[in-house]
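Q: When you get a sec, could you give me coordinates for this:
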Amino acid sequence: MSINFGGVLALAGLLAVGGCAADRGYAVPDHVCGVPVDSAALAPLLPDGEGLTESFTDKGQGSVSCRLSVDGSTVLHLAADVTDRGTAAVSLDDDGLQRLGNPVLVDGAGDVTAVADRGAKAAAECTHAGQPRLFVGLVQSEAAPPRDALLAFLASWFPAARAALGC
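A: Here you go, the predicted model:
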């Protein structure tokens, strides 16, 4: 009797993928915080659960934030701000980045981008209301997803969030 191990592995893979999909009782959205995003880039940042909710806050003066929650627990925080160009918004000395764990500067979504264990942050120069400004975007996770997943989502969300703030 011969066993086709390739077929066994393929079947095991299908069962594993099917099992994972059954644990997520909500659809991964293609819009968050009022802007379009790549749902495939967002999916690795969201845990299994029954329901996804969004809480959006417009703080005024070019500053918005949004929280995504699964089953009532915050899992992702997004913040977008327009600030003065002289601001060192993305720096390894930034306490906020340090709290996210082991930040490093990388090539990414903005003129300067950093990724850490639980988040990513980018800044890019722009013109807002006719004035030279700086757009800063932050993605903060309550878990510690892979850094490449954080950067992939930041690359999807950052330009849309920037445009939404008129920058």
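Q: starting at the chain centroid, how far to stretch 158-167?
A: Offset of stretch 158-167 from its chain centre (CA atoms, centre = their mean, to the nearest Å): 14 Å.
Q: One more: stretch 35-55?
A: Distance of stretch 35-55 from its chain centroid, counting by CA atoms, centre = their mean, is 9 Å.
Q: My read is that Ser55 contacts Ser69, right?
A: Yes - counting by CB atoms under 8 Å, Ser69 is a contact partner of Ser55 at 7.1 Å. For every residue, glycine as well, the C-beta is placed using N, CA and C.
Q: Show me which of these two is the more surrounded one.
A: Neighbours per residue (other CB atoms under 10 Å) separate Ser55 from Ser69, with Ser69 holding more: 17 against 12.
Q: Is the more buried one bridged to anything, and to what?
A: Counting by DSSP bridges, Ser69 forms beta bridges with Thr53, Thr74.
Q: which residues touch it?
A: Applying CB atoms under 8 Å, 6 or more residues apart in numbering, we find Ser69 in contact with 52-55, 75.
Q: Now do it, the pLDDT please.
A: Model confidence at Ser69, given as pLDDT, is 98.
Q: same deal with Ala124?
A: Note for Ala124: predicted pLDDT of 96.
Q: Name the nearest residue to it, sequence neighbours excluded.
A: Computed as CB to CB, 6 or more residues apart in numbering, the closest residue to Ala124 that is not its neighbour in sequence is Gly110, at 4.0 Å.
Q: for that neighbour, phi and psi?
A: Main-chain torsions, Gly110, degrees, to the nearest 10: phi -120, psi -170.
Q: Point out where the protein drops to low pLDDT.
A: Under the criterion pLDDT under 70, the flagged ranges of the chain are 1-22.
Q: all helices for it, in order.
A: Applying DSSP state H to the chain gives helices spanning 5-22, 39-42, 95-99, 147-164.
Q: Give me the buried stretch members for the last one, please.
A: The reference is to helix 147-164. Across helix 147-164, burial judged by 16 or more other CB atoms under 10 Å covers 147, 149-162.
Q: Closest one to Lys121 out of these, please.
A: Among the buried residues of helix 147-164, Leu154 lies closest to Lys121 (CB to CB), at 8.1 Å.
Q: For the closest one, list the residues it contacts.
A: 108-109, 113, 115, 120, 122, 137, 139.
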